[in-house]
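> I need the structure of the sequence given here:
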Amino acid sequence: MNLLFDCHTHLVEPHHISGHFLADAKKAWGESFRLSSTPEEHRKANEGCTGAIVLALDAPAVGFNVPNEWVAQYTAENPTRLFGFASVDPNRDSPERLLEAAVKELHLKGLKLAPIYQDFHPLDRICYPLYAKAQELKLPIMWHQGTSFVHKGPLEKSRPVYLDPVARSFPDLKMIIAHMGHPWMGETISVVRKNPNVFTDISALASRPWQMYNALVEAVEYGIEDKLLFGTDFPFFTVERTVESLRNINLAVDGTNLPRVPERVIEKILHKNTPELLGLV
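So this is what the prediction gives:
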């Protein structure tokens, strides 16, 4: 049975991006940079999957603003396949109330946080009521806890290890560390291993096969293969490209004595009931 579920996708149109994010994206990828994932494009890209998590983003600090309402309107079309995650900037007044409204009024199913884009430290005590509300409402949190090309993004607030105290303070709170926390994959693996409700996804690693290979080998060595989730970071990467990169992960070490990523691990990533694992259904 096909259980391929994309746990990391974006619904975003060009007008959702401005300021530092847009300027730095053009520096990184050229002046022709244009980010687009309309409902029609997202629907088509996800045809081969059983469903997807669709992320909002409330990041005025860098100019990346995808409204909760827009994500909610789209995911409401197919609520058994599409799971919208709200985003609330912890710097806003009473962010926990905004989150509760996004759940009760918009029927969103999770929370997206990104310290490097929202400019907050995960261990700042002002954030703890937001985490408590997410745990109370049984909402998983998707964290962008890793690097970015955005010049003003604070790397010192984006280390995966800072999520360990959060996980210990809120043991029933399910959390996903996106992109295996690259380039700090070892930190991510350490946090995931010791905290039962923390997971990580492989999204955005399709263009870095050597990085993904090393991360997956380390994940196997530390015994977290059951907590690795499939994700693409669409529209940055597609399902097809991510699956191909994953299935070809061992090509770089063919003919060497370097360890291989076991086929069982690849198949587990591709055939995992992620909605059930995260408590979305």
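> what about Asp89, helix or strand, and which?
When secondary structure is defined by DSSP states H and E, Asp89 falls outside every helix and strand.
> I meant to write Val265 there.
Using DSSP H and E, Val265 maps to helix 263-270.
> so where do the helices sit in this protein?
19-29, 39-45, 68-75, 95-104, 115-118, 128-136, 163-169, 185-194, 209-221, 239-247, 263-270, 274-277 (DSSP state H).
> Give the other helices and strands that the longest one contacts.
What it means is helix 209-221. helix 185-194, helix 239-247, helix 263-270 (3 or more C-beta pairs under 8 Å, 6 or more residues apart in numbering; DSSP states H and E). Where C-beta positions appear, they are placed from N, C-alpha and C, glycine not excepted.
> now do 6 Å
helix 185-194 (3 or more C-beta pairs under 6 Å, 6 or more residues apart in numbering; DSSP states H and E).
> which strands and helices sit next to the helix it packs on?
strand 198-201, helix 209-221.
> redo that, cut-off 7 Å
helix 163-169, strand 175-177, strand 198-201, helix 209-221 (3 or more C-beta pairs under 7 Å, 6 or more residues apart in numbering; DSSP states H and E).
> can you redo these as TSV with mean pLDDT?
Output for the helices and strands packed on helix 185-194, formatted as TSV (pLDDT from 0 to 100):
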stretch	mean pLDDT
helix 163-169	98
strand 175-177	98
strand 198-201	98
helix 209-221	97
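> in the chain, which helix or strand is least confident?
helix 19-29 (a mean of 92; mean pLDDT, DSSP states H and E).
> Quick check: buried residues in it?
19-25 (16 or more other C-beta atoms under 10 Å).
> again with stretch 123-138
127-128, 130-131, 133-135, 137.
> out of the residues you listed, who's nearest Val150?
Nearest to Val150 among the buried residues of stretch 123-138, counting by C-beta to C-beta, is Cys127 at 20.2 Å.
> Now render the buried residues of stretch 123-138 as TSV, adding pLDDT and distance to His179.
Formatted as TSV, the buried residues of stretch 123-138 follow (pLDDT from 0 to 100; distance: C-beta to C-beta, whole Å):
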residue	pLDDT	distance to His179
Cys127	97	21
Tyr128	98	25
Leu130	98	22
Tyr131	98	21
Lys133	98	25
Ala134	98	20
Gln135	98	23
Leu137	98	25
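> Reformat those as JSON lines; add distance to Leu270.
As requested, the buried residues of stretch 123-138 are exported to JSON lines (distance: C-beta to C-beta, whole Å):
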{"residue": "Cys127", "distance to Leu270": "34"}
{"residue": "Tyr128", "distance to Leu270": "36"}
{"residue": "Leu130", "distance to Leu270": "33"}
{"residue": "Tyr131", "distance to Leu270": "31"}
{"residue": "Lys133", "distance to Leu270": "33"}
{"residue": "Ala134", "distance to Leu270": "28"}
{"residue": "Gln135", "distance to Leu270": "30"}
{"residue": "Leu137", "distance to Leu270": "30"}
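> Closest one to Thr232 out of the residues you listed, please.
The nearest one, if we look at the buried residues of stretch 123-138 relative to Thr232 and count by C-beta to C-beta, is Ala134, at 23.8 Å.
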